[in-house]
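>>> Sharing a model prediction with you, sequence too.
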Amino acid sequence: MQPVKKVVIAGGGTAGWCAAAALSKLLGTLIDITLIESEEIGIVGVGEATIPTARTFHHFLGIDERAFLKATNATYKLGIAFENWARDGDRYIHSFGEIGKSNWMAPFHHVWMAARDKGFGGDLGDYCFELRAAEEGKFFTSDTARINYAYHFDAVLYGRFLRQLSESCGAKRIEGRIRQVRQDADTGFITALELESGEVIDGDLFIDCTGFKGLLIEETLKTGFEDWSHWLPTDRALAVQTAPSGRLDPYTRAIAHGEGWRWRIPLQNRVGNGLVYASGHLTDEAARERLLSLVDGEPLTEPRLIRYRTGRRRKIWNKNCLTVGLSSGFIEPLESTSIHLFQIAVTRLIQMFPFGGITEAVSDHYNEIARREIEKVRDFVILHYKLTQRDDTGFWRERREMSVPDSLTERLEMFREHGHAWQAADDLFRVDSWVQVLLGQRLEPQSHHAIGQLMSEAQLRQALDGLKTNIARTVEAMPTHEAFLKSYLAA
Ligand SMILES: Cc1cc2nc3c(=O)[nH]c(=O)nc-3n(C[C@H](O)[C@H](O)[C@H](O)COP(=O)(O)OP(=O)(O)OC[C@H]3O[C@@H](n4cnc5c(N)ncnc54)[C@H](O)[C@@H]3O)c2cc1C
C-alpha cells in the first residue's frame, strides 16, 4: 500500500479538465495534480448537451452560473425533443421535470391513465412544468425557483473555463505528447509517463482521459472492451456548426432519419448540429449531403467526421489507472449522458479516494458501481430504437427486430402489461424519464394501477384540472428563454 499523493491526468479534453478541476478544487491541498495534453492531437470537442447533474457538479466546485454561461456561450436545456422516432411525424419531449404529483402507492401517470380511460385528462405533458415551458420556448430560474434544468455549451470553451479553474487551484498543465507509458515490472502498475520531449512525469494514480484510444487503460494495460454495437450500431457522426436561426429553444432536438438521427443544440452565438449514423447503412458522402441539406442555418464550419464504437471498457479502474471520458467507453449522445458519466466518475473518485493506497477492494467496488450505472444508461438508449415502429429502411427494421438485454426486456414487459416503470438503485433515469420515453415511443400499457379509481370522477377531474391550470398560468408569466438569458447575463 503506497499512499496516493500524486495524480497524473493524461489528456485535456472535457473529461481531463473536469477531473483536474474537481480534484484540484476539492482535494488540491492534499494531493498534487498534473495534467498532460497535446494540442497537436487535439480534442473531440463536440459534447455540448448535458443533463441536470452537471449543475450538481458545478455546485460541488463552487462554479458561478453567470460566469460559466458567459464563458461557454451556454444556454438552458429543459429536455430533449424526439422527432420521428416511433413513426415519421411523431414528436415527444423527454423533459427533466416531474410529472404531476406522485403518491407513495403509484406514480402520477397511473392516475392520468385512469382519467384517459374515462376520456379526459389531455396530454401527460400538460402536467409537467418543464415540458410546458420547453414547448413555449420559455425559461426562468432564481435561487428559490423549483425548476430542473441543464445546459448546452461550447465544449472547447468549457475546457478552457475548467482549465482556468484547475490552474487557479494549483493543478499543473504540461503541453506535450506522451510517447511511452512506464510500468513496474512486477506489478504492472504504471510508474511514469514519458513525453516526446524526454520529460518523465511520475505518479501514484493515473487518470486516462486520452479519448477513444485509451493510451493507458487499453494500449498499455490491455483491459478489454465489451462491444455493444449489436444493440447500438451507429458508429459515426458528422458535426457542423451553423449560424443561429429561429427561436432559441430551451431543449435539444434529436430528429430521427433513415439511418440514425440528427442533433440540434442551440448556443448563444451558434447552433451545434450533427448527423449520427450507421456506416453499414449510409456512406459518409451521403451523410454529409443529408446533414447539409437538413440544417436550418448557414454552415459556419466544414462537417467534421467522428468515428466511434459503442461499448464499455471491461474495468474502468485497472491497477493504478482510472479511466474517465471516451477512453472508458461510449454510448451515442442520444440522451446526453457522456459528460454526466465522467463527472459522476470523478465525484465518486473523490468520495472513495484511496489516500492510504490502491487496493483491489477499492477498484473492484468502483468498477462494479460503474458497470451497473452505464448498463442502465445503455438500456435507456436502446429503448428508443427497440420501440420504433418505423419500417422505411433496413436500419430501422433491424432495430425493431433485434433482441435486447434481459434487463430491458423485463422493463418493457412490466410497462406493456401493467404500466409499471421504476428507477432502480443505480439508475440515472427517473420514473418520469422512463414513462415519457416509453409512451413517446408508443408503448401502450394494457392495464395500470387502480389508484385513479380511489377517487370519484369529479375529484379526479378537479385534481387534474388544478395541476394543469397552475402549470399553464406559471408558464404564461415566464419570460422567453432568450429574454431571460439576456437579462440574467446582463445583471
Ligand atoms: C459525436 C459525439 C457527440 C457527443 N455529444 C455529447 C453530448 O451532447 N453530451 C455529452 O455529454 N457528451 C457528448 N459526447 C461525448 C463527449 O464529446 C466526450 O465525452 C467529451 O468530449 C470527452 O472527451 P474526452 O476528454 O474523453 O476525449 P478527447 O476530447 O478526445 O480528449 C483526449 C485528450 O487526450 C489527449 N491525448 C491523447 N493522446 C495523447 C498523447 N499521446 N499525449 C498527450 N495527450 C494525448 C488529447 O490531446 C486530448 O487533450 C459526444 C461524443 C461524440 C463522439
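Received the coordinates, thanks.
>>> isn't residue 174 right next to residue 35, touching?
Yes. Using CB atoms under 8 Å, residue 174 is in contact with residue 35, at 7.2 Å. Heads up, the C-betas are built off the backbone N, CA and C, glycines and all.
>>> more crowded one of the two?
Neighbours were counted for residue 174 and for residue 35 using other CB atoms under 10 Å; residue 35 has more, 28 against 17.
>>> residues contacting the spatially closest residue to the more buried one that is not a sequence neighbour?
Nearest residue to residue 35, sequence neighbours excluded (CB to CB, 6 or more residues apart in numbering): residue 9, at 4.3 Å. Residues in contact with residue 9 (CB atoms under 8 Å, 6 or more residues apart in numbering) are 16, 19, 20, 23, 33, 34, 35, 36, 206, 207, 209.
>>> now, which of those lie within strands?
33, 34, 35, 36, 206, 207 (DSSP state E).
>>> Check the secondary structure at residue 62 for me.
At residue 62 the chain is in coil, as set by DSSP: H, G, I helix; E, B strand; the rest coil.
>>> count of neighbours near the nearest residue to it once chain neighbours are set aside?
Nearest non-adjacent residue to residue 62, counting by CB to CB, 6+ apart: residue 25, 7.0 Å away. Residues within reach of residue 25, counting by other CB under 10 Å, total 20.
>>> Looks to me like residue 25 is in a helix.
Yes. Under three-state DSSP, residue 25 sits within a helix.
>>> so who does it touch?
Contacts of residue 25 (CB under 8 Å, 6+ apart): 61, 62, 165, 166, 169.
>>> cool, residue 436 as well?
92, 93, 94, 95, 99, 124, 125.
>>> What of residue 121?
112, 115, 464.
>>> Compare those residues and tell me which has the most neighbours.
residue 112 (25 neighbours).
>>> Would you tell me what helix or strand that one is located in?
helix 108-117 (DSSP states H and E).
>>> list the helices and strands that helix packs on?
The contact analysis (3 or more CB pairs under 8 Å, 6 or more residues apart in numbering; DSSP states H and E) places helix 108-117 against helix 431-440, helix 457-476.
>>> CA atoms only: put the first one into CSV for me.
Backbone C-alpha positions of helix 431-440 (Å, rounded to 0.1, in the frame of the first residue of the first chain) are rendered in CSV as follows:
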residue,chain,number,x,y,z
VAL,A,431,-39.6,7.0,-13.3
ASP,A,432,-40.9,10.0,-15.3
SER,A,433,-38.0,9.7,-17.8
TRP,A,434,-38.8,6.1,-18.4
VAL,A,435,-42.6,6.9,-18.7
GLN,A,436,-42.1,9.8,-21.1
VAL,A,437,-39.9,7.7,-23.5
LEU,A,438,-42.0,4.5,-23.2
LEU,A,439,-45.2,6.4,-24.0
GLY,A,440,-43.5,8.7,-26.5
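>>> C-terminal to the helix holding residue 112, what's the next element?
Note on helix 108-117: by DSSP H and E, the next helix or strand toward the C-terminus is helix 129-136.
>>> How about the helix or strand just after that following helix and the ligand, any contact?
Once the chain leaves helix 129-136, the next helix or strand it forms, by DSSP H and E, is strand 150-152. No. If you take CB under 6 Å from any ligand atom as the test, strand 150-152 misses the ligand, and the best it gets is 8.2 Å.
>>> which residues touch the one residue in the stretch 251-400 of the chain that gets nearest to the ligand?
Across the stretch 251-400 of the chain, no residue is closer to the ligand than residue 325, which sits at 2.3 Å (CB to the nearest ligand atom). Residues in contact with residue 325 (CB under 8 Å, 6+ apart) are 11, 13, 14, 15, 16, 209, 211, 338, 342.
>>> Next one: residue 491, what pLDDT does it get?
With respect to pLDDT, residue 491 has a value of 88.
>>> how about residue 148, what does it touch?
Neighbouring residues of residue 148 by CB under 8 Å, 6+ apart: 52, 78, 96, 97, 98, 130.
>>> and the gap between the third one and residue 402?
For residue 96, the distance to residue 402 (CB to CB, to the nearest Å) stands at 29 Å.
>>> neighbour count winner among these two?
Set residue 96 next to residue 402 and count neighbours by other CB under 10 Å: residue 96 wins out with 23 against 14.
>>> Please tell me how far the more buried one sits from residue 139.
12 Å.
>>> How is this structure partitioned into domains?
By the record's domain assignment, the chain is partitioned as 6-48+154-229+311-358, 236-307 (automatic domain parsing).
>>> Among the ones you listed, which comes closest to residue 441?
Nearest of the domains of the chain to residue 441, taken as CB to CB: domain 236-307 at 11.0 Å.
>>> Apart from its chain neighbours, what residue comes closest to residue 105?
Of all residues not flanking residue 105 in the chain, residue 451 sits nearest, at 5.5 Å (CB to CB, 6+ apart).
>>> ok but that neighbour is inside a helix, no?
Yes. Under three-state DSSP, residue 451 sits within a helix.
>>> How many neighbouring residues does it have?
17.
>>> How about the contacts made by it?
103, 105, 106, 110, 111, 114.
>>> ok, and the most crowded of those?
Sorting those by how many neighbours each has (other CB under 10 Å) puts residue 111 first, at 28 neighbours.
>>> Excluding chain neighbours, what is closest to it?
residue 452 (4.8 Å).
>>> rewinding a little: please tabulate the contacts of residue 9 in a markdown table and include distance to the ligand as additional columns.
Below are these laid out as a markdown table (distance: CB to the nearest ligand atom, whole Å):
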| residue | distance to the ligand |
| --- | --- |
| 16 | 5 |
| 19 | 9 |
| 20 | 11 |
| 23 | 15 |
| 33 | 15 |
| 34 | 12 |
| 35 | 9 |
| 36 | 5 |
| 206 | 12 |
| 207 | 11 |
| 209 | 5 |
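>>> Which single residue of the stretch 101-250 of the chain ends up nearest the ligand?
For the stretch 101-250 of the chain, CB to the nearest ligand atom, closest residue to the ligand: residue 211, 2.7 Å.
>>> need the contact list for that residue.
11, 13, 43, 44, 325, 326, 327.
>>> let's go with 6 Å and repeat that
For residue 211, the contacting residues are residue 326, by CB atoms under 6 Å, 6 or more residues apart in numbering.
>>> coming back round to it: what's the most distant pair in the contacts of residue 9?
23 and 36 (14.5 Å).
>>> rewinding a little: show me what the mean pLDDT comes to for the helix holding residue 112.
The average pLDDT for helix 108-117 rounds to 97.
>>> Could the C-alpha coordinates of that helix be exported in PDB?
Extracted C-alpha coordinates of helix 108-117, given in PDB (Å, rounded to 0.1, in the frame of the first residue of the first chain):
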ATOM      1  CA  PHE A 108     -48.800  10.100 -11.300                       C
ATOM      2  CA  HIS A 109     -49.000   8.500 -14.800                       C
ATOM      3  CA  HIS A 110     -51.300   5.800 -13.400                       C
ATOM      4  CA  VAL A 111     -53.800   8.500 -12.200                       C
ATOM      5  CA  TRP A 112     -53.600  10.100 -15.600                       C
ATOM      6  CA  MET A 113     -54.200   6.800 -17.300                       C
ATOM      7  CA  ALA A 114     -57.300   6.300 -15.200                       C
ATOM      8  CA  ALA A 115     -58.600   9.700 -16.400                       C
ATOM      9  CA  ARG A 116     -57.700   8.900 -20.000                       C
ATOM     10  CA  ASP A 117     -59.700   5.700 -19.800                       C
END
